[in-house]
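Chemist: just need the structure, nothing else, for what follows:
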Amino acid sequence: MKLHNLKPNDGATKRRKRLGRGISAGQGKTAGRGYNGQNSRSGGGTPLWHQGGNLPFFRRLPFKRGFTPPYRVIFNEINLYQLEDFKKGSAVSPETLAEARMLKDERNPVVILGEGEIKKALKVSVHRISDGARTKIEAAGGSVEILEWS
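Modeler: A predicted model of the protein is given here:
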């Protein structure tokens, strides 16, 4: 088999209608466009949003700038002062934070931010942590572990 032998299967292709080629061709004279009017003319027709004198739909909507990125990641933000309720030496993880009802949405990853002070040594394992929060936790004798998230 060679490239010049290839052809589509029977019935897979259909000849296009040749419009305006006389009455015997079946689509002569007006070529299926009717008699008069905007749509019978060459280049005629209206855009999809045309509403015939009404205020177009997209102009009725409020004017908004920009867009919302569809794949953005929303973190559960926890500050250091919120961790003061945990006992010394306890583990802080997304599960323990969820039990303490500190997360807005348990499906989202957790980030620890550095606002406030911490005096207890805690074992923190979260998805992300700020540099300031890491130094404060390690200065208090705690440890930080970064979890994988997708």
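
Chemist: please make it C-alpha for all contacts and neighbour counts, starting now.
Modeler: Fine.

Chemist: point out where the protein drops to low pLDDT.
Modeler: Under the criterion pLDDT under 70, no range of the chain is flagged.

Chemist: do that again at 80, thanks
Modeler: Residue ranges of the chain with pLDDT under 80: 150.

Chemist: the helix or strand hosting Glu138: which residues count as buried?
Modeler: Taking DSSP states H and E as the criterion, Glu138 maps to helix 131-139. For helix 131-139, a neighbour-count test (16 or more other C-alpha atoms under 10 Å) marks 133-134, 136-138 as buried.

Chemist: next one: stretch 71-81
Modeler: Those buried within stretch 71-81 under the rule 16+ other C-alpha under 10 Å are 75-80.

Chemist: so how far is that stretch off the chain centroid?
Modeler: Computed by C-alpha atoms, centre = their mean, to the nearest Å, the chain-centroid distance of stretch 71-81 equals 19 Å.

Chemist: what comes into contact with that stretch?
Modeler: Identification of contacts with stretch 71-81 by C-alpha atoms under 8 Å, 6 or more residues apart in numbering yields 102-105, 108-118, 133.

Chemist: closest to Thr30 among those residues?
Modeler: Distance to Thr30, by C-alpha to C-alpha, is smallest for Asn108 among those, at 61.7 Å.

Chemist: that closest one and Ala98, how far apart?
Modeler: Asn108 sits 11 Å away from Ala98, going by C-alpha to C-alpha, to the nearest Å.

Chemist: can you tell me what sits against stretch 142-150?
Modeler: Contacts of stretch 142-150 (C-alpha under 8 Å, 6+ apart): 89, 109, 120-129, 134, 137-138.

Chemist: if we go to 6 Å?
Modeler: Stretch 142-150 has contacts (C-alpha atoms under 6 Å, 6 or more residues apart in numbering) with 121-127.

Chemist: enumerate every residue touching Pro27.
Modeler: Actually, residue 27 is Gln rather than Pro. 19-20.
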